[in-house]
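In: Give me coordinates for this.
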Amino acid sequence: MKRILLLCFALAAVVLCAGCIVSAPPAKAAPVSITPPCLKLMLPEVIYAVPGIESNIYFENILDSATPNAYAFEVKCPRGTHGNSRWFWTPDKSDAGKSFDLEVRVFNDYGRVLTGKAKVVVASEPADYKRSFTLALLAASGVNSQYPQHLLNVMREAGFVNYTPVGNHSGGGRPVVKGGTAHDGYGGFSWGSFLNRWSYAAEELPQVQNEAEREQMRALGVVNLPKKSAYRLRSPLLKIVNGKKVLDIPGWFKKINNGKAPDFIVIQLGGNDMFGAMADTLDAKRKIAISNARTLLAELRKHAPGTVIGVATSPCGCGQDGFGANYKSAQSKYQYRRNIQSYNRALAALIRELKDPGIKLIPLHQSIDPDGSYIRRRYPVHARSKEKVFRDSNALHPTREGGYQLGDAIYCWLRKELEK
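Out: Sure, this is the predicted structure:
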């Protein structure tokens, strides 16, 4: 009987222990991130605003994703309107001199994946509308959207009667007219172009009488280019000394501003630096672009110690139809956007690293509508259809109104600087 009782107690103990094992809480699993590793947000630290001018944040332009439309956005800000594809706001006079916190939250089906914060800063009334100042612009073909002219127009409308843009031409190589716009914008130019480009048009060779000079021209590069485009052959920041290219920033100042450094220099580059990058060459191209930016900014600062230099981020372009129209299958919207957003983040990091209070980042990329501000034309729906629809026809070049958005972004930044 005792043996039976002992056996029952033993069996009960085993069952009890087994129950303990079964009912024990499972070990905690390591948290799983719901944020894809490549997903990044390029929200500027400051959004500049001016009473009477619309400021924009287009969500597609600030999210580095192959599928930006797969994400939901929330904007928290005491001012402005959160629309389907953007946040937008036009301050009034009562907002002048104020600033507001803005937060962008990004969600997928599993929850919040990214958060970005910015300060919306509204320019106050400038101390002196009659202040005399000059502005030089180094840029690429985006100037053909007329944003330099728009910047001049809004400055005049605001009452800045002594604002003077300076540069070597007024657009397309045309001469500068007193009271008109001026800049150094050249189609196809990059940071490296301003540091290194020096070539000759083939038609210039017959004009040279000295054979040694002709050989020198050939060594530097001869390009078959229409006469009207010859102004793009040589960087305005270079000169030739003993057959070699030499940076000549003072010489540039002499040509455009009577030898004086401009009060402001705005640089809007990056698209051509990064255009051809693919997944395996993106890092290398970005490093070259940022290295060239560092070199040029250092040279400008050396010769213009008191100049305020604004460096603009680069827009991301329009939809795939525009890329297909221009480049067939050689470059895609996805890859180009990834290139540019990578560049914009690196550019912002460079400006922070330099710690120069006179070199500022101008947030431009978020300001332009990727769906409605680029050149379009009518295309057949397909080869068998008589119906035509409007589609993007130019990947990187805005319409005139898109250029106005770029000009507004530069103007808002400049107005903040003119408070001082």
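
In: Pop the domain breakdown of the chain in here.
Out: As assigned by automatic domain parsing, the chain contains the domains 34-125, 126-196+247-420, 199-233.

In: what about stretch 359-371, start to end distance?
Out: Stretch 359-371 has an end-to-end distance of 31 Å (criterion: C-alpha to C-alpha, to the nearest Å).

In: And for stretch 361-374?
Out: 24 Å.

In: now do stretch 68-85
Out: By C-alpha to C-alpha, the extent of stretch 68-85 from end to end equals 10 Å.

In: For Val308, see how far away the residue minimising distance to the centre of the chain is.
Out: Centroid-nearest residue in the chain: Ser314, 1.7 Å away (criterion: C-alpha atoms, centre = their mean). According to C-beta to C-beta, to the nearest Å, Ser314 and Val308 sit 20 Å apart. Just so you know, the C-beta spots here come from the backbone N, C-alpha and C atoms, and that holds for glycine as well.

In: what are the ranges of the strands in the stretch 101-250 of the chain?
Out: Remark: strands assigned in the stretch 101-250 of the chain by DSSP state E, counting those that start in this stretch are 111-122, 133-139, 163-166, 184-185, 200-201, 222-223, 238-241, 244-247.

In: And the last one, what does it pack against?
Out: So the one you mean is strand 244-247. Applying 3 or more C-beta pairs under 8 Å, 6 or more residues apart in numbering; DSSP states H and E, we find strand 244-247 packed against strand 238-241.

In: in the strand it packs on, what's buried?
Out: Buried positions in strand 238-241, judged by neighbour count with 16 or more other C-beta atoms under 10 Å: Leu238.

In: Start the count at 266 instead of 1 going forward.
Out: All right, first residue 266 from here; so that's strand 503-506.

In: State the paired neighbours of that strand in the sheet, together with their directions.
Out: strand 509-512 (antiparallel) (DSSP bridges).

In: still on that earlier bit, and the residue nearest to the centre of the chain, what pLDDT?
Out: As predicted, Ser579 sits at a pLDDT of 98.

In: That one: what's its closest spatial neighbour, skipping adjacent residues?
Out: Nearest residue to Ser579, sequence neighbours excluded (C-beta to C-beta, 6 or more residues apart in numbering): Gly535, at 3.5 Å.

In: I'd say that neighbour and Asn557 touch.
Out: No: taking C-beta atoms under 8 Å as the definition, Gly535 is not a contact partner of Asn557, at 10.5 Å.

In: Common neighbours of the two, please.
Out: 455-456 (C-beta atoms under 8 Å, 6 or more residues apart in numbering).
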